[in-house]
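Participant: how would this look folded up:
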Amino acid sequence: QVQLVESGGGLVQAGGSLRLSCTASGRTFSQYGIGWFRQAPGKERELVAAISWSGPSTHYADSVKGRFAISRDNARMTVYLQMNSLKPEDTAVYYCAADRAFGVLRDYPRAIRYWGQGTQVTVSS
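Facilitator: A predicted model of the protein is given here:
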């Protein structure tokens, strides 16, 4: 079993940066792919970025390519989402999620087993 806790959200001006962290508990963390999702008010949850358990495979939403970067440190049981050049439309609650199958993170989010509680990111114009 994996428990996930997000941190690093906050209020930032457009053009600024934030780094989100997703810290896990559970001895099998390194066997899980991790995804960052976001949900804005009145909108559906969307995948922002995902990384496979070993790190070589990553996926980004088109809207964040070139601005966001996902990375992981299995020794620290933490996955990071570096967000640069933030825009007001990036405002949302950001969640991290874990699943053994990278494809599930990318294509079948309703089947994801483990979710964090979310952290708010607000980008002011």
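Participant: Just list the residues touching the residue nearest to the spatial centre of the chain, thanks.
Facilitator: Taking Cα atoms, centre = their mean, the centroid of the chain lies closest to Trp36, which sits 1.9 Å from it. Shown in contact with Trp36 (Cβ atoms under 8 Å, 6 or more residues apart in numbering): 20, 22, 47-50, 70, 79, 81, 94-97. Heads up, the C-betas are built off the backbone N, CA and C, glycines and all.
Participant: now do 10 Å
Facilitator: Neighbour list for Trp36: 6, 20, 22, 47-51, 60-61, 64, 68, 70, 79-81, 83, 94-97, 105, 116 [criterion: Cβ atoms under 10 Å, 6 or more residues apart in numbering].
Participant: ditto for Arg110
Facilitator: By Cβ under 10 Å, 6+ apart, Arg110 lies in contact with 45, 104.
Participant: got the CA coordinates for stretch 46-55 in PDB?
Facilitator: Extracted in PDB, the C-alpha atoms of stretch 46-55 (Å, rounded to 0.1, in the frame of the first residue of the first chain):
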ATOM      1  CA  GLU A  46      -6.500  16.200 -16.200                       C
ATOM      2  CA  LEU A  47      -3.100  14.500 -16.300                       C
ATOM      3  CA  VAL A  48      -0.300  17.000 -16.100                       C
ATOM      4  CA  ALA A  49       2.700  14.800 -16.100                       C
ATOM      5  CA  ALA A  50       3.700  11.200 -15.300                       C
ATOM      6  CA  ILE A  51       6.900   9.300 -14.600                       C
ATOM      7  CA  SER A  52       7.500   5.600 -14.700                       C
ATOM      8  CA  TRP A  53       8.800   3.700 -11.700                       C
ATOM      9  CA  SER A  54      12.400   3.700 -12.900                       C
ATOM     10  CA  GLY A  55      12.300   7.200 -14.300                       C
END
